[in-house]
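Colleague: here is a sequence with its predicted model. Questions after.
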Amino acid sequence: MTPYALLAIPFLIAVTVVLIAGRPVIETLASRKAKQPISPDAPEKHRLKHGTPTMGGLLILGAVLITVLVMVGWLSAVRVLDFERISRLLAVLGVFLFAGVVGVLDDVGKARKKENKAGLSEKAKLTLQFVVAGGFLLHLIFQPRLQGIENLTTTLFLAGNALSLGAVYYILAALYIAAFANAVNFTDGLDGLASGTTLIVALTLGAIIISTGSVALEIAIFYAAIAGACAGFLWFNAYPAKVFMGDTGSLALGMGLAAAALSAKQEILLLLVGAVYVVEMASMIIQRYVFKYRRIKHGLEYAQQNRVFRRAPLHHHFEEMDWHETTVVGRFWVAAMICAALGVLASPLFAPFTVPSPETVERGVAP
């Protein structure tokens, strides 16, 4: 098997599963009245989206689960993946699936009460995210040493320098996973925006693993499954969307990407390649806390009339500038592609010093 087959095969499996299952799943969601209530914080034109089926993230969850299990079964049978690599891949898959469960709980509450803020409270959602992240951190703590290198798991690499963070790494890792859960969730506000951006991000990170070698080459399978599922979902989610992924999809994608990046030692790289997510979340944080400061300092009326952005997250700001939704999405995809190209160029700066030999990469496995 060539190394890039670890991207192509799971991608094709996942996209095929979504395309086959898409229409019947969407019809089922619509018949069960799993419809998306529109946020009061969204632009007025979004009222036209009211009633679109949500929880389409179930398609993404199912496609990724099937793909990873098929790949694990096949590659373990031909002895390409050993137990340690399978356990690492399944741990990332577990984060992805449990995050999806959190999203389901939130989406069901919204759909039943027909109100965007009727799902899980912010506190409850964040608590469950940290519970899922905590389970993954136990895996990181007790997993066998990657590549046999001491402290590799808790070390960050930058331009030939290694920074060992020790126990602090795990605290930052929990925050990292929760942050990306919410960053992708904020990005999921326009038809095709989150699914298209994640397609670009996942394919890029997977390709970097294959091309440069990795201490966790098996994570490329997960990235490819994510990319394929998002490509298939985009078929139905492109403007005008026939279905939304909901928190079911966005929380799973965010936490899954973060867990995969931690396993593959791409923590810093995801921040660069996934900069669209980072900027979207930053715009929400800036808008919220600057508003609170100005309300306290100058009063409510001043704060309302002097917001940093016309509307947050950032994609809504551009809508308020009279950019059409498809224009915003297309330009954000371009931004994601630029970040992906920069990530490819910068990837050697963030790689661990010890990577698999060229011979093992050619065989599609790492020692």
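Modeller: That came through, no problem.
Colleague: which neighbouring elements make contact with the lengthiest helix in the chain?
Modeller: Of all segments of type helix in the chain, defined using DSSP state H, the longest is helix 83-113. Applying 3 or more CB pairs under 8 Å, 6 or more residues apart in numbering; DSSP states H and E, one finds that helix 83-113 contacts helix 57-77, helix 122-142, helix 219-237, helix 246-263. C-betas here are computed from N, CA, C, even on glycine.
Colleague: what comes up buried for it?
Modeller: By 16 or more other CB atoms under 10 Å, the buried positions in helix 83-113 come out as 85-86, 88-100, 102-111.
Colleague: do the same with stretch 227-238
Modeller: 227-234, 236-237.
Colleague: now the residues you listed in a markdown table, please, with extra columns for distance to residue 291 and pLDDT.
Modeller: Converted to a markdown table, the buried residues of stretch 227-238 look like this (distance: CB to CB, whole Å; pLDDT from 0 to 100):
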| residue | distance to residue 291 | pLDDT |
| --- | --- | --- |
| 227 | 36 | 98 |
| 228 | 40 | 98 |
| 229 | 36 | 98 |
| 230 | 33 | 98 |
| 231 | 37 | 98 |
| 232 | 39 | 98 |
| 233 | 34 | 98 |
| 234 | 33 | 98 |
| 236 | 36 | 97 |
| 237 | 31 | 96 |
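Colleague: which of those sit farthest apart?
Modeller: Among the buried residues of stretch 227-238, the pair separated by the greatest distance (CB to CB) is 227 and 236, at 16.1 Å.
Colleague: hmm, residue 245 is touching residue 60, no?
Modeller: Yes: with contact defined as CB atoms under 8 Å, residue 245 counts as touching residue 60 (6.4 Å).
Colleague: now for the two: what residues contact both?
Modeller: 233, 253 (CB atoms under 8 Å, 6 or more residues apart in numbering).
Colleague: what sits against the closest residue in space to residue 203 that isn't next to it in sequence?
Modeller: Nearest non-adjacent residue to residue 203, counting by CB to CB, 6 or more residues apart in numbering: residue 227, 4.4 Å away. Each residue near residue 227 by CB under 8 Å, 6+ apart is listed here: 7, 11, 14, 198-199, 202-203, 206.
Colleague: where is pLDDT lowest across those?
Modeller: Across the contacts of residue 227, the bottom pLDDT score, 93, is held by residue 7.
Colleague: show me the shaky parts of the stretch 101-250 of the chain.
Modeller: 116, 144-150, 213-215 (pLDDT under 70).
Colleague: per-residue pLDDT, residue 80?
Modeller: pLDDT at residue 80 comes out at 81.
Colleague: what distance separates whichever helix or strand residue 14 is part of from the centre of its chain?
Modeller: Here residue 14, judged by DSSP states H and E, is contained in helix 5-31. In terms of CA atoms, centre = their mean, to the nearest Å, the centre of helix 5-31 is found 17 Å from the chain centre.
Colleague: list the helices and strands that helix packs on?
Modeller: helix 57-77, helix 193-212, helix 219-237.
Colleague: what comes up buried for it?
Modeller: Quick answer for helix 5-31 (16+ other CB under 10 Å): 6-7, 9-11, 13-15, 17-19, 21-22, 25-26, 29-30.
Colleague: ok, now stretch 72-81?
Modeller: 72, 75, 80-81.
Colleague: show me which pair in these is furthest apart.
Modeller: Farthest apart among the buried residues of stretch 72-81 - using CB to CB - are 72 and 80, which lie 10.1 Å from each other.
Colleague: what about the residue nearest to residue 57 when sequence neighbours are not counted, how many neighbours?
Modeller: Among residues not flanking residue 57 along the chain, residue 249 sits closest, at 2.4 Å (CB to CB, 6+ apart). Neighbours of residue 249 under the rule other CB atoms under 10 Å: 33.
Colleague: for residue 249, which residues are in contact?
Modeller: 56-58, 60-61, 100, 103, 188, 194-195, 233.
Colleague: roughly how far does residue 269 sit from residue 194?
Modeller: Distance, residue 269 to residue 194, using CB to CB, to the nearest Å: 20 Å.
Colleague: ok, those two, which is more surrounded?
Modeller: When neighbours are counted by other CB under 10 Å, residue 269 and residue 194 differ, and residue 194 comes out ahead with 32 against 22.
Colleague: that one contacts residue 250, correct?
Modeller: Yes: using CB under 8 Å, residue 194 is in contact with residue 250, at 5.8 Å.
Colleague: shared neighbours, those two?
Modeller: 184, 187-188.
Colleague: can you put these in a markdown table and add distance to residue 265, secondary structure and neighbour count?
Modeller: A markdown table is the format used below for the shared contacts of residue 194 and residue 250 (distance: CB to CB, whole Å; DSSP: H, G, I helix; E, B strand; the rest coil; neighbours: other CB atoms under 10 Å):
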| residue | distance to residue 265 | secondary structure | neighbour count |
| --- | --- | --- | --- |
| 184 | 21 | helix | 31 |
| 187 | 24 | helix | 28 |
| 188 | 27 | coil | 27 |
